[in-house]
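Participant: here you go, sequence then predicted model.
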Amino acid sequence: MNDAHRAALAIDALRRGWPIAIAGAGGTVALLPIETADPVRLAAFDPDGTAPVLLSAGRAFTLKLANQIEAAVPDAPVLVERVTWLDFATATALADPQFDLRTPLKGPFRAITLSQQDVGTAALRLARIGGLLPAFFAIPGGTADLTLDIDDIDSHEDAARLSIATRARLPIGRAEDAEIVAFRTPEMPGEHIALLIGTPNGEPALVRLHSECLTGDMLGSLKCDCGPQLDAAIAAIAESGWGILLYLRQEGRGIGLINKLRAYALQDQGFDTVDANTRLGFAVDSRNFRVAARMLELLGQRAVRLLTNNPEKVAQLEGAGISVVERVPHVLPANPHNEKYLATKRDRTGHQF
Ligand SMILES: Nc1nc2c(ncn2[C@@H]2O[C@H](COP(=O)(O)OP(=O)(O)OP(=O)(O)O)[C@@H](O)[C@H]2O)c(=O)[nH]1
Ligand SMILES: [Zn+2]
C-alpha cells in the first residue's frame, strides 16, 4: 500500500463513519468524524466520554467558543474541551451551522491546547477532501486500525501523479473540431477533463480553468455565473481558433457539492458566499490550481492566454511554471439572483470586474 492509497482509504473510512488515526511530529491523534458517526460509534470510540471535539477556527469563532480565536485562518484547528453535557447531539450542533440561528447552544465551551496542531490541520483538510463537515471527536495519543502520516495526504493531492487516461474526438455544439482528454491519479474518485478546441497555430492557447459547479453547469442555477461562463468560454475559444477548456473537479471551490449546498443554505439566511464558507469552517477558497498547470504541461502547453477575472488563478499557474502571457477578462452579465454574489467576488475575493 503506497502513501496516497492510505490517504484514499482514510477518506473512505471517514465517509463511512469509521475512526482513523493520523500521526504527526508531536504524536498520534485518533479521530471520529462527527458528521458520519452516531452515538453508538461514539461510545465504542470513546467509552469514557472524554474525547474533546476538534473544530476549525472559523467554526469556533462563529460559535464564540473562545475570545482569542482568530477567524483569519478559518481552517486552522481548535480543540474544545469535552464536558459531561457535550453529548453527540451537542457535538453535531457544534459541527453543523445550519441551526446556529435557530437553537441557542448550551455553553460555555472552553478551547484547550492541541499539542498536535499539524494533525489537527491535516484532519480538517482530509474532511474537506472527503466532502464532510470539518469536525471530529479526537483522542490525542489514541490509535485506530488505520493510521496515516500527514505526508500521505500530500501524496494523495500531488498533481505530479496525474496522468492522461484516454483521449477521443468529441464534436460539440459550439465546436465540431474538439477533442476530449481525461486525466486522473489511481486514487482520485473523479476525473479532470480537458477539451481541446480547434487547431494549434503556434500561438499560446486561449485557456479557461473551469471549476465544477453542478448547480450552475447542469441545472442552470442563477445563483452564480458558472453556467454562462462555461458556455461563453467554449464559444470564445472556438472563436479564437485554438484553445483549451480545463474542467476541474473542484466543486464548491474545493469543499464538495454537499458542503457548497450547506453554504447556500447559510446564504438563504443572509450570509454572503465568503461568510458562509467561514461559518462552515472552511477557507473561502480551497482550490489549488497546480492540477491545472500539470494538465497543461501534459498537453505540452507552457504558455497560455488565460480567460479569468481571478488574479489568484494567474498567480498559481505562474507559480507552477506556466507562463500567462495575457489575462483575458471573462465577465458575464449579472442577473437579479447573482448580483450580490458577483459584488462579493469583486469586493471580498479580489476578482477583477
Ligand atoms: N463554496 C462555494 N462555492 C461556490 C459558490 N458559488 C459558486 N461556487 C463554486 O465556485 C467555483 C467557481 O468559482 P468562481 O469564484 O465563480 O470563479 P473563479 O473561477 O474563481 O474566477 P473566474 O475565473 O474569474 O470565473 C465553482 O467550483 C462553484 O461550484 C458559493 O457560494 N460557495
Ligand atoms: Zn456556480
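Facilitator: That came in fine, so what should we check first? Residues are numbered from 1 along each chain as shown. Ligands and ions are numbered 1, 2, ... in the order given.
Participant: tell me the secondary structure for Ala315?
Facilitator: helix (DSSP: H, G, I helix; E, B strand; the rest coil).
Participant: give the burial count for it, as a bare number.
Facilitator: By the other CB atoms under 10 Å criterion, the neighbourhood of Ala315 contains 12 residues. The C-beta positions use only the backbone N, C-alpha and C, and glycine is treated the same way.
Participant: again, but for the one 10 residues further on
Facilitator: Val325: 11 surrounding residues under other CB under 10 Å.
Participant: that one and Pro204, how far apart?
Facilitator: From Val325 over to Pro204 the distance is 5 Å, taken as CB to CB, to the nearest Å.
Participant: what residues does the chain have near ligand 1?
Facilitator: For the chain, the residues found near ligand 1 under the criterion CB under 6 Å from any ligand atom are 211-213, 224-226, 229, 250-253, 255, 260, 263, 273, 277, 308-310, 313, 330, 345, 351.
Participant: so which of these belong to strands?
Facilitator: Filtering these for membership in strands, criterion DSSP state E, returns Ser211.
Participant: so which bits of the stretch 201-350 of the chain are right by ligand 2?
Facilitator: Within the stretch 201-350 of the chain, the positions near ligand 2 by CB under 5 Å from the ion are 213, 216, 224, 226.
Participant: so the second one is in which element?
Facilitator: Read that as Gly216. Gly216 belongs to helix 214-217 when elements are defined using DSSP states H and E.
Participant: low pLDDT regions in this structure?
Facilitator: Applying pLDDT under 70 to the chain picks out residues 66-71.
Participant: could you pick out the longest helix of it?
Facilitator: helix 226-240 (DSSP state H).
Participant: show me the strands in the stretch 1-150 of the chain, by range?
Facilitator: Secondary structure of the stretch 1-150 of the chain, counting by DSSP state E, counting those that start in this stretch: strands at 20-24, 27-33, 53-56, 77-80, 111-112, 136-140, 147-149.
Participant: of those, which is nearest Pro336?
Facilitator: Nearest of the strands of the stretch 1-150 of the chain to Pro336, taken as CB to CB: strand 53-56 at 32.9 Å.
Participant: quick one, what contacts the residue nearest the centre of the chain?
Facilitator: Centroid-nearest residue in the chain, with CA atoms, centre = their mean: Gly254, separated by 2.1 Å. The contact partners of Gly254, by CB atoms under 8 Å, 6 or more residues apart in numbering, come to 128, 211, 285-288.
Participant: picking that back up, can you tell me what sits against the longest helix of the chain?
Facilitator: Under the criterion CB under 8 Å, 6+ apart, residues 172, 174-175, 195, 197-198, 206, 208, 210-211, 213, 215-217, 220-221, 243-245, 307, 328, 330, 332-333 lie in contact with helix 226-240.
Participant: each with direction, which strands does the following helix or strand past it pair with?
Facilitator: Beyond helix 226-240 on the C-terminal side, the first helix or strand identified by DSSP H and E is strand 242-248. Here strand 242-248 has these sheet partners by DSSP bridges: strand 192-198 (antiparallel), strand 205-211 (parallel).
Participant: surely Ala25 and Asp118 touch.
Facilitator: Yes - contact status for Ala25 versus Asp118: in contact at 5.8 Å, counting by CB atoms under 8 Å.
Participant: more neighbours: which of those two?
Facilitator: Set side by side, Ala25 and Asp118 give different neighbour counts by other CB under 10 Å, the larger being at Asp118 (17 against 10).
Participant: I'd say that one and Asp149 touch.
Facilitator: No - shown here, Asp118 and Asp149 do not form a contact pair, counting by CB under 8 Å, at 10.3 Å.
Participant: so what sits against both of these two?
Facilitator: When contacts are counted by CB under 8 Å, 6+ apart, Asp118 and Asp149 are jointly contacted by Gly24.
Participant: pull the number of nearby residues for Lys260.
Facilitator: Based on other CB under 10 Å, the number of other residues close to Lys260 is 25.
Participant: which residue packs closest to it, ignoring adjacent ones?
Facilitator: Closest residue in space to Lys260, ignoring its immediate chain neighbours: Gly252 at 2.9 Å, by CB to CB, 6 or more residues apart in numbering.
Participant: what is the burial count for that neighbour?
Facilitator: Under the neighbour criterion other CB under 10 Å, Gly252 is assigned a count of 26.
Participant: and it, what does it touch?
Facilitator: Neighbouring residues of Gly252 by CB under 8 Å, 6+ apart: 213, 259-260, 263.
Participant: could you turn the buried ones of these into a ChimeraX selection?
Facilitator: Buried members of the contacts of Gly252, defined by 16 or more other CB atoms under 10 Å, are picked up in ChimeraX with:
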select :213,259,260,263
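Participant: circling back: tell me the most buried of the strands paired with strand 242-248?
Facilitator: Stretch with highest mean neighbour count among the strands paired with strand 242-248: strand 205-211 (a mean of 25; mean count of other CB atoms under 10 Å).
Participant: okay, that strand in PDB with CA atoms only?
Facilitator: Provided in PDB are the C-alpha atoms of strand 205-211 (Å, rounded to 0.1, in the frame of the first residue of the first chain):
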ATOM      1  CA  ALA A 205      -3.700  28.700 -26.400                       C
ATOM      2  CA  LEU A 206      -6.700  30.600 -25.100                       C
ATOM      3  CA  VAL A 207      -7.300  28.600 -21.900                       C
ATOM      4  CA  ARG A 208     -10.200  28.600 -19.400                       C
ATOM      5  CA  LEU A 209      -9.900  26.900 -16.000                       C
ATOM      6  CA  HIS A 210     -13.500  26.000 -15.100                       C
ATOM      7  CA  SER A 211     -14.100  24.600 -11.600                       C
END
